[in-house]
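Peer 1: Quick one, what's the 3D model for this:
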Amino acid sequence: MRFSWGLRWLVLLTVLAVIGGAATLGIGHFRHATDRARKSEFRLTDVQSAAYAANAAEWRMIARRRTDPVDSGTFAHSVAAIRTTLEQIAAADAATIPVQQRVSALLQRYDREVAFELAALRNGDVATATTVDARRVDPTFGQINSVLSRAIATTEARRADAERHAILAARVIVISAAIGMLIAIGMFARARRRVDERGFEADHDELTGLLNRRGFFACLGDTIAGRDARVAVLLLDLDGFKEINDTLGHASGDALLRQIGSRLRGALRERDEIARLGGDEFAVLVDAPRTKTGDVGEIGRRVRDTLTAPFEVAGLSLQVRASAGVAVFPEHGTTADELLRLADIAMYQAKHNRTGLAVYHSSVDPRGGRALQLSSELERALGADELVVHYQPKADVHTGAITGVEALVRWQHPERGLLSPDAFVPIAERNGLIRRLTLQVIRTALSQQASWFAEGIDVPLAVNLSIANLLDTDLPRDIATVLDELQVRPGKLKLEITESYLVTDPTVIHSNIDELCSHGVRLALDDFGTGYSSLTHLRRLPIDEIKIDRSFIQDLDTDSDDAAIVQSTIDLAHSLNLTVVAEGVETAVTWDRLRDFGCDEAQGYFLARPMPAQPLTGWLRNRLAAAVLRGSRA
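Peer 2: The predicted structure follows:
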């Protein structure tokens, strides 16, 4: 930005005029203050003289031991003069009002005590008059004289101070030209600096100092413009940051974000860029010409791993988890907007699958061709019996007895084969089909449970609910209807809810949960330990079981931190009379370790993989027969 010389001189002259004018006004003000203080000083001296005159007249009458018309008149005249003069001084100089009020009060008492003294003299009671004079009249006069002496000294100081300020104001006028010149120079330097700062502030986040959304878009656009080399965009979103903010306050949340930004910056190469897009969302630009999609996933894991170490905030050690999505130029997108959108889709896929990291794939894009096709096919599949239910058993880790099965939906697609829930449940949630899908799974699973019961196989059943189900106010009534139709005892159905769902709309969700429990349905908290409010939910929810997330179980044999977390979780749950189930148990060593920890139940590939109803029926019969055989031998 350029400033003309004429504008610069205009600013300079304006500054000089303001300083000179202010100094001139200051001189006038201080001179007026000096005159006012001087007049007050003189008038207060007059008041003090009148007080002495009154006291002298009173003293003479005491000395003569009789009243005297002349001295009485002198006393009354002097007191009236004091009052009048004080009122005049206070009217002209507001600073003396407290003095006027104090002296007036003392003078009223003084006048009253002198009148008492003179009355005693007139009655010939000289002893009383003398006593009143010594004990009451003279001390009161002393107070009046003291107040007036201090007031005179104060006005003298005010006058001297005003005179000094007037001299200083005159000096200000003399040096105003030099000051004005310096100010003008400083103004131009500051204006140029502010232009630079505004450019920085427009592109950077005020809280962390990283690039903001605008700066990241510009940087990404410049990086991919006119080039064919690969560029990766990684979008990182903190899991459960809202709970940290709500619990510790926004100041602590801001402190955490600053620490996270600094740590992420330190984990990247110098040529990479990082930005805070807003809230708890960060973006990373990985400028790596030779980067392949698989390698980008490794970079994403490395970035996430930098958050593994705890953060110290507000005297607490906080463990932060994040979900990351990756999109690559030019394979996935060719514009900055598109790359960020696709990375965002991948990030939410990572959140939904609880994998922590996902690289974009067109199959999970709601705007992609494959996803659109699956969306249209899913409604048909619901009416064509293409959705099948597999079951994974869980067992008592101490006895091996089967304690229940979990129903897991699959899509037997006629062209694409068996699809896992990750491929179609998010589509059902977006398209409003999740209610039909969930009720169909519950009806199928409960029907199978009824068939097993008829064959002498009595196993409780667990079914997962999604966030859309928990927000459905018709859900409790629908489930109660299915239980009644199939004549299944409600206590044999357990609904598993994920902890992170509970913060979405606590009022509706807790109301639905309470109604479900009123029908006799049992409740389990799934993926325990992945959220920030576990203890709160344990205390408030009507649950009787928690399922420790597989992320804490898979490295139980080698990770001492995971082992400590699992052990403390089991102890806590047992203190609350809750059953503990470990998910993802894949080895005998892990199974034995959980038994040593006091875990109640477990499920995973070590026990059995999810399987259709028919092979599971045979598997259950064999387990039951083996259990009976062991019992007979015992």
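Peer 1: and residue 106, what helix or strand is that in?
Peer 2: helix 97-122 (DSSP states H and E).
Peer 1: which stretches of the stretch 251-400 of the chain form strands?
Peer 2: Ranges of strands within the stretch 251-400 of the chain are 273-278, 281-286, 311-313, 316-318, 321-329, 357-359, 387-396, based on DSSP state E, counting those that start in this stretch.
Peer 1: could I get the ones you listed as CSV with mean neighbour count?
Peer 2: Yep, even glycine has a C-beta here, placed from its N, CA and C like the rest. As requested, these are exported to CSV (neighbours: other C-beta atoms under 10 Å):
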stretch, mean neighbour count
strand 273-278, 21
strand 281-286, 23
strand 311-313, 16
strand 316-318, 12
strand 321-329, 24
strand 357-359, 24
strand 387-396, 20
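Peer 1: quick one: contacts for the nearest residue to residue 283 once chain neighbours are set aside?
Peer 2: For residue 283, ignoring the flanking residues on the chain, the nearest one in space by C-beta to C-beta, 6 or more residues apart in numbering is residue 275 at 4.8 Å. Residues near residue 275 by C-beta atoms under 8 Å, 6 or more residues apart in numbering: 205, 210, 211, 212, 213, 215, 216, 219, 282, 283, 284, 285.
Peer 1: if we go to 10 Å?
Peer 2: Applying C-beta atoms under 10 Å, 6 or more residues apart in numbering to residue 275 gives the contacts 203-205, 208, 210-217, 219-220, 261, 281-285.
Peer 1: what about it, distance to residue 202?
Peer 2: Going from residue 275 to residue 202 by C-beta to C-beta, to the nearest Å gives 13 Å.
Peer 1: tell me which residues form a beta bridge with the residue nearest to residue 283?
Peer 2: When bridges are called by DSSP bridges, residue 275 pairs up with residue 211, residue 283.
Peer 1: related to what we said a few turns ago, any shared contact partners between residue 275 and residue 202?
Peer 2: By C-beta under 10 Å, 6+ apart, the residues touching both residue 275 and residue 202 are 212, 214, 215.
Peer 1: Sticking with the second one, tell me its helix or strand.
Peer 2: Right, the one you point to is residue 214. Counting by DSSP H and E, residue 214 is part of helix 213-224.
Peer 1: what angle do that helix and strand 281-286 make?
Peer 2: If you take axes from the mean of the first three to the mean of the last three C-alpha atoms, to 10 degrees, helix 213-224 sits at 20 degrees to strand 281-286.
Peer 1: tilt between the helix or strand following helix 213-224 and strand 281-286?
Peer 2: Using DSSP H and E, the helix or strand that follows helix 213-224 in sequence is strand 231-239. Using the same axes, to 10 degrees, one finds that strand 231-239 and strand 281-286 are set 160 degrees apart in direction.
Peer 1: ok, strand 231-239: who's next to it in the sheet?
Peer 2: strand 281-286 (antiparallel), strand 321-329 (antiparallel).
Peer 1: then the helix or strand following it to CSV, C-alphas only?
Peer 2: Following strand 231-239 in sequence order, the next helix or strand is helix 241-248 (DSSP H and E). C-alpha atoms of helix 241-248 as CSV (Å, rounded to 0.1, in the frame of the first residue of the first chain):
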residue,chain,number,x,y,z
PHE,A,241,-13.3,-33.2,21.6
LYS,A,242,-16.7,-31.8,22.5
GLU,A,243,-16.8,-33.7,25.7
ILE,A,244,-13.4,-32.2,26.7
ASN,A,245,-14.7,-28.7,26.0
ASP,A,246,-17.9,-29.3,27.9
THR,A,247,-16.1,-30.9,30.9
LEU,A,248,-13.0,-28.7,31.2
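Peer 1: hang on, the earlier thing: save the strands of the stretch 251-400 of the chain as TSV, and put in distance to residue 560 and mean pLDDT too.
Peer 2: Listed next are these as TSV, based on distance: least, C-beta to C-beta, whole Å; pLDDT from 0 to 100:
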stretch	distance to residue 560	mean pLDDT
strand 273-278	32	89
strand 281-286	30	89
strand 311-313	21	88
strand 316-318	17	85
strand 321-329	19	86
strand 357-359	24	82
strand 387-396	26	95
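Peer 1: Is it possible to get TSV of the ones you listed that adds distance to residue 114?
Peer 2: What follows is the strands of the stretch 251-400 of the chain, written out as TSV (distance: least, C-beta to C-beta, whole Å):
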stretch	distance to residue 114
strand 273-278	81
strand 281-286	85
strand 311-313	74
strand 316-318	75
strand 321-329	88
strand 357-359	97
strand 387-396	105
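Peer 1: Residue 418: which of the ones you listed is closest?
Peer 2: With C-beta to C-beta, the closest approach to residue 418 among the strands of the stretch 251-400 of the chain belongs to strand 387-396: 8.2 Å.
Peer 1: What is that closest one packed up against?
Peer 2: Other elements packing on strand 387-396 under the criterion 3 or more C-beta pairs under 10 Å, 6 or more residues apart in numbering; DSSP states H and E are strand 402-413, strand 417-419, helix 434-454, strand 461-464, strand 579-582, strand 601-602, helix 613-633.
Peer 1: Tabulate the ones you listed (CSV), appending mean pLDDT.
Peer 2: Shown next, in CSV, are the helices and strands packed on strand 387-396 (pLDDT from 0 to 100):
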stretch, mean pLDDT
strand 402-413, 94
strand 417-419, 87
helix 434-454, 94
strand 461-464, 94
strand 579-582, 95
strand 601-602, 96
helix 613-633, 79
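Peer 1: want to try JSON lines for these, with mean neighbour count and distance to residue 111 as columns?
Peer 2: Below are the helices and strands packed on strand 387-396 laid out as JSON lines (neighbours: other C-beta atoms under 10 Å; distance: least, C-beta to C-beta, whole Å):
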{"stretch": "strand 402-413", "mean neighbour count": "21", "distance to residue 111": "100"}
{"stretch": "strand 417-419", "mean neighbour count": "13", "distance to residue 111": "107"}
{"stretch": "helix 434-454", "mean neighbour count": "19", "distance to residue 111": "94"}
{"stretch": "strand 461-464", "mean neighbour count": "22", "distance to residue 111": "95"}
{"stretch": "strand 579-582", "mean neighbour count": "24", "distance to residue 111": "92"}
{"stretch": "strand 601-602", "mean neighbour count": "24", "distance to residue 111": "98"}
{"stretch": "helix 613-633", "mean neighbour count": "13", "distance to residue 111": "111"}
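Peer 1: Which one, of the ones you listed, ends up nearest to residue 308?
Peer 2: Nearest of the helices and strands packed on strand 387-396 (C-beta to C-beta): strand 579-582, 22.1 Å.
Peer 1: about what we covered before: please identify which of the helices and strands packed on strand 387-396 is closest to residue 485.
Peer 2: Residue 485 sits nearest to helix 434-454 of all these, at 8.3 Å, using C-beta to C-beta.
Peer 1: Kindly calculate the angle that that closest one makes with strand 387-396.
Peer 2: 60 degrees.
Peer 1: got the angle between helix 434-454 and strand 402-413?
Peer 2: With the same axes, to 10 degrees as the basis, helix 434-454 and strand 402-413 are set at 130 degrees to each other.
Peer 1: what's the offset of helix 434-454 from the middle of its chain?
Peer 2: Chain-centre distance of helix 434-454: 43 Å, with C-alpha atoms, centre = their mean, to the nearest Å.
Peer 1: Same question for stretch 252-262.
Peer 2: Here the centre of stretch 252-262 is set off from its chain's centre by 11 Å, with C-alpha atoms, centre = their mean.
Peer 1: Show me what it is in contact with.
Peer 2: By C-beta under 10 Å, 6+ apart, stretch 252-262 touches 205, 207-210, 236, 238, 241-242, 244-249, 274-276, 279-280, 282, 306-307, 311-316, 318, 320, 322.
Peer 1: change it to 6 Å
Peer 2: Outside of stretch 252-262, the residues within contact range by C-beta atoms under 6 Å, 6 or more residues apart in numbering are 207, 208, 210, 244, 245, 311, 313, 314.
Peer 1: how far away is the second one from residue 175?
Peer 2: According to C-beta to C-beta, residue 208 stands 45 Å off from residue 175.
Peer 1: Over to the third one?
Peer 2: Going from residue 210 to residue 175 by C-beta to C-beta gives 46 Å.
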